[in-house]
Structures are given as C-alpha cells and as structure tokens.
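[1] coordinates for the following, if possible.
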Amino acid sequence: MPIFLKVPKNLTCNKKTADDEINLVWLGRLTESKEQTIYNIAENFYKYPTKKKKFFHIIGNGPAEDRIKNFLKKYDDTILFV
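    Reported below is the predicted structural model:
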C-alpha cells in the first residue's frame with residue numbers, strides 16, 4: 001500500500017545572520033587534543049580575504065581554555081571572539 005506525505009510548505013529557513021558577517025562556531029570541550037584544530041581554524045579564518053566582519057563563537061570549556069584564549073588574542077584585530 002503506498003504511503004503519501006504532505007509536501008512541506010516552507011522549504012527554506014529564514015536567514016539569521018547579516019549579509020556583511022561571517023560566523024564560525026566551535027562546539028565542544030577545550031582540551032589538548034582539540035587545541036591545534038582551533039588554532040588552525042583561527043589562523044586560516046584570520047587570513048581569509050574578505051571585507052565582511054568575522055565572528056568566531058567558541059562554545060565550551062575545559063583544561064586548555066586559558067591557553068587557547070591567550071593564543072587567540074593575536075587575532076583580535078580582525079576576528080571577534082564570542
């Protein structure tokens with residue numbers, strides 16, 4: 001017996017960010033095993049050529065939190081860390 005589903009009416013989501021922004025999000029524990037990955041993301045994001053505002057949202061905490069925050073200070077002139 002065939003099953004029929006209703007076609008969704010809203011096929012798109014409303015955009016939540018401004019057109020002149022780029023937002024990146026890191027979600028997870030701030031541990032030594034993930035530290036280098038965060039550094040690589042921040043460095044490449046910093047070098048990315050754009051006139052848009054750059055936001056890097058870091059959600060999480062952990063034993064490497066203070067070390068990561070200190071390292072990321074050198075990118076503060078271009079990236080806003082949230």
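
[2] grab the longest helix from this structure for me.
    What stands out as the longest helix in the chain, according to DSSP state H, is helix 32-47.

[3] so for it, mean pLDDT?
    When pLDDT is averaged along helix 32-47, the result is 95.

[4] residue ranges with poor pLDDT in the protein?
    Under the criterion of pLDDT under 70, the regions of the chain flagged as low confidence span 1-2, 4, 8, 10-11.

[5] which residue packs closest to Lys51, ignoring adjacent ones?
    Ranked by C-beta to C-beta, 6 or more residues apart in numbering and with sequence neighbours excluded, the top spatial neighbour of Lys51 is Asp20, at 7.8 Å. The C-beta positions use only the backbone N, C-alpha and C, and glycine is treated the same way.

[6] residues near the one you found, how many?
    Number of residues near Asp20 (other C-beta atoms under 10 Å) recorded here: 9.

[7] residue contacts, it?
    By C-beta atoms under 8 Å, 6 or more residues apart in numbering, the residues touching Asp20 are 51-53.

[8] Lys6 in helix, strand or coil?
    coil (DSSP: H, G, I helix; E, B strand; the rest coil).

[9] what's around it, how many residues?
    By other C-beta under 10 Å, 5 other residues sit near Lys6.

[10] one more: the one 3 residues further on?
    Under the neighbour criterion other C-beta under 10 Å, Lys9 is assigned a count of 5.

[11] is it within a helix or a strand, and which one?
    When elements are assigned from DSSP states H and E, Lys9 belongs to no helix and no strand.

[12] gap between it and Ile3?
    Spatial separation of Lys9 from Ile3 under the definition C-beta to C-beta, to the nearest Å is 19 Å.

[13] same question, Asp76
    Using C-beta to C-beta, one obtains 55 Å as the distance from Asp76 to Ile3.
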